[in-house]
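# Quick one: sequence and predicted model below, then my questions.
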Amino acid sequence: MNDAARTLISKAMETAKPPVEFSAYAPSNIALSKYWGKRDAARNLPLNSSLSISLAEWGSHTTVRPSSDGRDHVSLNGETLSATSKFAIKALKFADLFRGGKDIPLVIDTRNTIPTAAGLASSASGFAALTRALCGAFGLDLSESEMSLIARIGSGSATRSFWHGFARWDKGEAEDGSDSFAQPLAYNWPEFRIAIVAVDVGPKSHSSRDGMNHTVATSPLFATWPDQAEADCKAIEQAVADQDFPVLGALAEANALAMHATMQAARPALSYLTSDSWAILERLWQARQDGLEAYATMDAGANVKLLFLQDSEVNVLSLFPEAQVIDPFGAL
Ligand code: ADP
Ligand code: DP6
């Protein structure tokens, strides 16, 4: 199987040095126009392009170093994971892309400043930070676009976690995935805010990957999704360029609800949103009728993210006192 990411890594690894300790950070990101559905599951090649905003200091800190006892070790938030845990297996399988069959035992020590597997995109920041840390540990001089292409093999949404601010993942056309990676959008929008309204920060019962695959395989509503999502992505990029917040917010909210509709039509139905999520949406919609300019987006989890501009922050917080506000451009 010809794979652009694997080819890129093996070429870079020809001149790699023995690994040294290296630490990296990647912010998580929330898609304003979602990645939902793959044309190739092995390479995480998407059916549609997507566009995201980063979450500043909410993300993953990952250190990779050579292991001194000849065995691999993975720890998450200070706790050593069993080598048979799904988390450790996935992280080590990703490291294998770099090791290329050689016996190079590694320690992977990662800390998430976001809840893990709760629909707050820990897989995005996790695989982006791991990619950066592995590249650093082996002394590979790769560009961020190249690292984005590699991180895709770990998790699709990780393509968009190499920058602060807006990023767009072009779905690409090539079978080997050589044109499917993200790039930053050169637009600063310092007033842009995103707030997390936590509903459930525990791990979800179905991973995004399983939910996505189940929806594509069984939902009769999925047929209309890829074209609509592509059109939404383009229109949201234009709204970012125009700094037209009401257009951006309305498109992002409609895109998220359309994605959730495809899941609800899956057989059997899949719903990440709970009655608490819907109660938040209803509160938001009522406030919007009363003049609040804020919109919502939801991923594969019950938590709701609010989108608004700085001048609405006081009103958003009086409506949702529990919301945690993030300033995506404050980290720049
Ligand atoms: P989320 O909504 O948090 O992205 P997912 O189910 O999509 O939830 O992904 C969670 C998975 O992402 C974890 O089970 C693990 O495989 C991976 N992951 C999360 N954090 C990290 C990390 N810091 N380093 C490596 N992999 C991670
Ligand atoms: C709903 O990137 O976690 O958050 O590529 O299978 O790892 P895999 O899926 P993942 O899916 C993210 C889905 C989403 C939408 C998005 O982030 O674009």
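That came through fine. Ligands and ions are numbered 1, 2, ... in the order given.

# Tell me where the stretch 151-300 of the chain has helices.
Using DSSP state H, counting those that start in this stretch, the helices of the stretch 151-300 of the chain run over 208-218, 225-242, 245-264, 275-289.

# so how far is residue 310 from residue 193?
Separation of residue 193 from residue 310 (C-beta to C-beta, to the nearest Å): 6 Å. (Each C-beta comes from the backbone N, C-alpha and C, glycine too.)

# what's stretch 307-326 in contact with?
32, 55-56, 58, 190-198, 245, 248-249, 252-253, 280, 283-284, 287, 292-297, 306 (C-beta atoms under 8 Å, 6 or more residues apart in numbering).

# buried ones in that stretch?
In terms of neighbour count (16 or more other C-beta atoms under 10 Å), stretch 307-326 has its buried residues at 307, 308, 309, 312, 313, 315, 316, 319, 320, 323, 326.

# if I look at the first one, how far off is residue 171?
In this case it means residue 307. 23 Å.

# ok so, going back, same list, the buried residues of stretch 307-326, but as CSV with pLDDT, secondary structure and distance to residue 36 please.
As requested, the buried residues of stretch 307-326 are exported to CSV (pLDDT from 0 to 100; DSSP: H, G, I helix; E, B strand; the rest coil; distance: C-beta to C-beta, whole Å):
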residue, pLDDT, secondary structure, distance to residue 36
307, 98, strand, 18
308, 98, strand, 24
309, 98, strand, 27
312, 98, helix, 28
313, 98, helix, 29
315, 98, helix, 31
316, 98, helix, 27
319, 97, helix, 28
320, 97, coil, 26
323, 96, coil, 25
326, 96, strand, 23
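
# Right, and ligand 1 sits closest to which residue of this structure?
In the chain, the residue found nearest to ligand 1 is residue 126; the distance is 2.3 Å by C-beta to the nearest ligand atom.

# I'd say that residue and residue 113 touch.
No: judged on C-beta atoms under 8 Å, residue 126 makes no contact with residue 113 at a distance of 11.3 Å.

# So those two - more neighbours on which side?
residue 126 (31 against 17; other C-beta atoms under 10 Å).

# so what's the more buried one scoring on pLDDT?
Note for residue 126: predicted pLDDT of 97.

# residue contacts, it?
26, 60, 62, 91, 110, 112, 116, 154, 155, 158.

# Quick check: PyMOL command selecting the buried ones in the residues you listed.
Of the contacts of residue 126, the buried ones go into a single PyMOL selection, burial set by 16+ other C-beta under 10 Å:
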select buried, resi 26+60+62+91+110+112+116+154+155+158
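
# any idea which residue of the protein is furthest from its center?
residue 69 (33.4 Å; C-alpha atoms, centre = their mean).

# Surely that residue is within a helix?
No: using DSSP: H, G, I helix; E, B strand; the rest coil, the assignment for residue 69 is coil, not a helix.

# Return the residues in contact with it.
residue 105.

# so where do the strands sit in the stretch 101-250 of the chain?
Assigned by DSSP state E, counting those that start in this stretch, the strands in the stretch 101-250 of the chain fall at 106-112, 166-169, 182-184, 192-197.

# which of those strands sits most buried?
Comparing these by mean neighbour count (mean count of other C-beta atoms under 10 Å), strand 166-169 ranks first with a mean of 24.

# and it, what does it pack onto?
strand 50-66, strand 182-184, helix 225-242 (3 or more C-beta pairs under 8 Å, 6 or more residues apart in numbering; DSSP states H and E).

# winner for burial among the ones you listed?
The most buried stretch of the helices and strands packed on strand 166-169, if neighbours are counted by mean count of other C-beta under 10 Å, is strand 50-66, with a mean of 24.

# Could you spell out the sheet neighbours of it, each with its direction?
Strand 50-66 pairs in its sheet with strand 22-33 (antiparallel), strand 106-112 (antiparallel), strand 166-169 (antiparallel), by DSSP bridges.

# what's downstream of that strand, the next helix or strand?
Next in sequence after strand 50-66, counting helices and strands by DSSP states H and E, comes strand 73-76.

# Give the other helices and strands that that following strand contacts.
Using 3+ C-beta pairs under 8 Å, 6+ apart, strand 73-76 sits against helix 86-99, strand 106-112.

# Of all the strands of the stretch 101-250 of the chain, which one comes closest to ligand 2?
Of the strands of the stretch 101-250 of the chain, nearest to ligand 2 by C-beta to the nearest ligand atom is strand 166-169, at 8.0 Å.

# can you give me the mean pLDDT across that closest one?
98.

# Find the residue ranges of the chain scoring beneath the pLDDT cut-off.
1, 331-332 (pLDDT under 70).

# Show me which residues of it sit near ligand 2.
The chain comes close to ligand 2 at residues 31, 34-36, 44, 50, 121, 123, 155-157, 208-209, 212, 299-300, as judged by C-beta under 6 Å from any ligand atom.
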